[in-house]
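Visitor: Here is a sequence with its predicted model. Questions after.
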Amino acid sequence: MKTFKTLLRYWIALVSLLGFLGGWITLAHAPKPGQPGNGGAFGALTAPNLPALQPLNLNGDANASAGNNAGADTNNFNFQFSNPQPQFGFPVLRTRGS
Amino acid sequence: MVPEIETLRFRAMNTDVLLAAQGGSARLAAGLEKAQTLVSEGEARFSRFLENSELTKLNRAAGTWFHVSPDMLAVLTLSFRYHHLTAGLFDPSILPDLRRAGYDRSMDLLRAQDVLPAAAPALRSPRPAFGEMRIDNARRRVFLPKGMALDLGGIAKGWIVEQAALALAEYAESCAVDAGGDLFLAGAPYGTTRWPVALDDPRRPGDTLLTLSVPPGGVATSTTTKRAWRQNTPHGEVHRHHLIDPRSGEPSTGDWLSVTVISAHTHLSEVFAKALLIAGPLEAGQLQLNETSLFSYLAVDREGKLAGAYQNMEISHGG
């Protein structure tokens, strides 16, 4: 009986140790929360791709990146230098500071 | 067939105002009249030079809660937001410093008088920070701490220009409102997609430095050379202008003479043109970096060199 109890203690200690080590190894090799490409729930939180910034266009082509004509286009606020274009009678507009 | 264009010119807000509209409505004249009324009402509300304007009454009520109109609430809310976006470089509460620098009457009167403003007090008196203003949206009221007085000149002008243009756009296919160089452009001239806008040379006001091609939206330029005067001080006669650096309480001393900004809103362009001019070339990058998606800018320095958001270049285009 005493021998059986001793063996049982060793058996429980051994299984506990192996279980602990197995868990350690498994977790050490698992993807971390929020790591890109893990495909889990955290994967859905990756940042969307941002559009590249547009540099100022200083090349003098007035029609190269024409904006829409319905209203302000927030992605198109780039200056272009141009020769004065006909405006079909619109007065010359000047920005001269205040 | 090219649609008709109608224009209306008048003087308001101490500057020349131009309304121009094109498009198929037979009621263009009514649209022009409505836009002019909005400009006049806006001036009556936001001018600090009119004794009975809402702004004058608000300034007088500092230290108590004051009920404001929806328009005033809108402009003050915008001002508060821009104050934070510009790290305090846009600050409507510099009015005491502006008066100290001599701008204590309208620019029309300042120019008409051949005498210099009275000598300024030598010391800057302490004043509450603009961030201490309180806005109660629910009850539509505003609290200015005692000692605070606001000048909403630039931002209010930009806001008025935009409101007038949006009203006019209801009657036209395209239109432009220009108040002393603060522009709002809706749509585009017939057959085009962008607007040619002449940029004044700040070294020689009245001369065209170059012509810009800009999309619909708001355009504004700030310069230290236009609203300028000379003032007697304890240190002698000095050059003054209306762009106060809120950090020093004195007219700004940066290297740039003018900054032009284009964006979706005239008030935004007006505010950032002023903030960038005060910031100057050394600090402008930080402002632009933070708000790069909102606007583009073009600065002209004392030598006529241009600086933009990303690069410098020599002037190569005449007007």
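Guide: Yep, it's here. Residues are numbered from 1 along each chain as shown, chains lettered A, B, ... in the order given.

Visitor: and residue B:281, what is it in contact with?
Guide: Listed by Cβ atoms under 8 Å, 6 or more residues apart in numbering or on different chains, the contact set of residue B:281 reads B:254, B:255, B:256, B:299, B:301, B:307. (Each C-beta comes from the backbone N, C-alpha and C, glycine too.)

Visitor: From residue B:161, how far off is the residue nearest the centre of chain B?
Guide: Closest to where the C-alpha atoms of chain B average out (Cα atoms, centre = their mean) is residue B:154, at 2.7 Å. From residue B:154 across to residue B:161, the span is 11 Å (Cβ to Cβ, to the nearest Å).

Visitor: Which strand or helix spans the closest residue to residue B:89 other than its chain neighbours?
Guide: Using Cβ to Cβ, 6 or more residues apart in numbering or on different chains and skipping residues adjacent in sequence, the residue nearest residue B:89 is residue B:275, 4.0 Å away. Taking DSSP states H and E as the criterion, residue B:275 maps to helix B:266-290.

Visitor: angle of the next helix or strand after that helix against helix B:266-290?
Guide: Downstream of helix B:266-290, the next assigned helix or strand under DSSP H and E is strand B:295-301. Interaxial angle, strand B:295-301 versus helix B:266-290 (axes from the mean of the first three to the mean of the last three Cα atoms, to 10 degrees): 90 degrees.

Visitor: Can you tell me which helices and strands strand B:295-301 packs against?
Guide: Applying 3 or more Cβ pairs under 8 Å, 6 or more residues apart in numbering or on different chains; DSSP states H and E, we find strand B:295-301 packed against strand B:256-263, helix B:266-290, strand B:306-308.

Visitor: buried sites along the second one?
Guide: For helix B:266-290, the buried set under the neighbour-count rule, 16 or more other Cβ atoms under 10 Å in any protein chain shown, comprises B:266-280, B:284, B:287-288.

Visitor: Can you check what angle separates it from strand B:256-263?
Guide: If you take the same axes, to 10 degrees, helix B:266-290 sits at 100 degrees to strand B:256-263.

Visitor: Could I get the average pLDDT for helix B:266-290?
Guide: The predicted model gives helix B:266-290 an average pLDDT of 83.

Visitor: got it, and stretch B:250-261?
Guide: Rounded mean pLDDT across stretch B:250-261 is 85.

Visitor: is it up against chain A anywhere?
Guide: Yes: applying Cβ under 8 Å from any Cβ of the partner chain, one finds stretch B:250-261 touching chain A at B:258, B:260.

Visitor: What is the neighbour count of the residue lying closest to residue B:103 once chain neighbours are set aside?
Guide: Take residue B:103 and drop its neighbours on the chain: the residue closest to it by Cβ to Cβ, 6+ apart is residue B:242, 5.4 Å away. The number of residues packed near residue B:242 is 25, by other Cβ atoms under 10 Å in any protein chain shown.

Visitor: related to what we said a few turns ago, settle this for me: the residue nearest to the centre of chain B is touching residue B:13, isn't it.
Guide: No: Residue B:154 is beyond contact range of residue B:13, at 10.4 Å (criterion: Cβ atoms under 8 Å).

Visitor: ok, which stretches of the stretch 51-200 of chain B are strands?
Guide: Secondary structure of the stretch 51-200 of chain B (DSSP state E, counting those that start in this stretch): strands at B:65-67, B:134-136, B:141-143, B:174-179, B:182-186, B:195-200.

Visitor: what ranges of the stretch 1-150 of chain B fall below the confidence cut-off?
Guide: Residue ranges of the stretch 1-150 of chain B with pLDDT under 70: B:24-25, B:110-124.

Visitor: Distance check, residue B:9 against residue B:300.
Guide: Applying Cβ to Cβ to residue B:9 and residue B:300 gives a distance of 27 Å.

Visitor: of the two, who's got more company?
Guide: Neighbour totals were compared for residue B:9 and residue B:300, and residue B:300 leads with 26 against 12 (other Cβ under 10 Å).

Visitor: beta partners for the more buried one?
Guide: residue B:258, residue B:306 (DSSP bridges).

Visitor: So it is in contact with residue B:204, correct?
Guide: No: if you go by Cβ under 8 Å, residue B:300 and residue B:204 don't touch, sitting 11.2 Å apart.

Visitor: As TSV, the helices and strands packed on strand B:295-301 with distance to residue B:179 would be great.
Guide: Formatted as TSV, the helices and strands packed on strand B:295-301 follow (distance: least, Cβ to Cβ, whole Å):
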stretch	distance to residue B:179
strand B:256-263	15
helix B:266-290	9
strand B:306-308	25
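
Visitor: For residue B:224, which of these is the nearest?
Guide: Nearest to residue B:224, of all these, is strand B:256-263, at 6.0 Å by Cβ to Cβ.

Visitor: Packing partners of the closest one?
Guide: Here strand B:256-263 touches strand B:208-214, strand B:217-223, helix B:266-290, strand B:295-301, going by 3+ Cβ pairs under 8 Å, 6+ apart.
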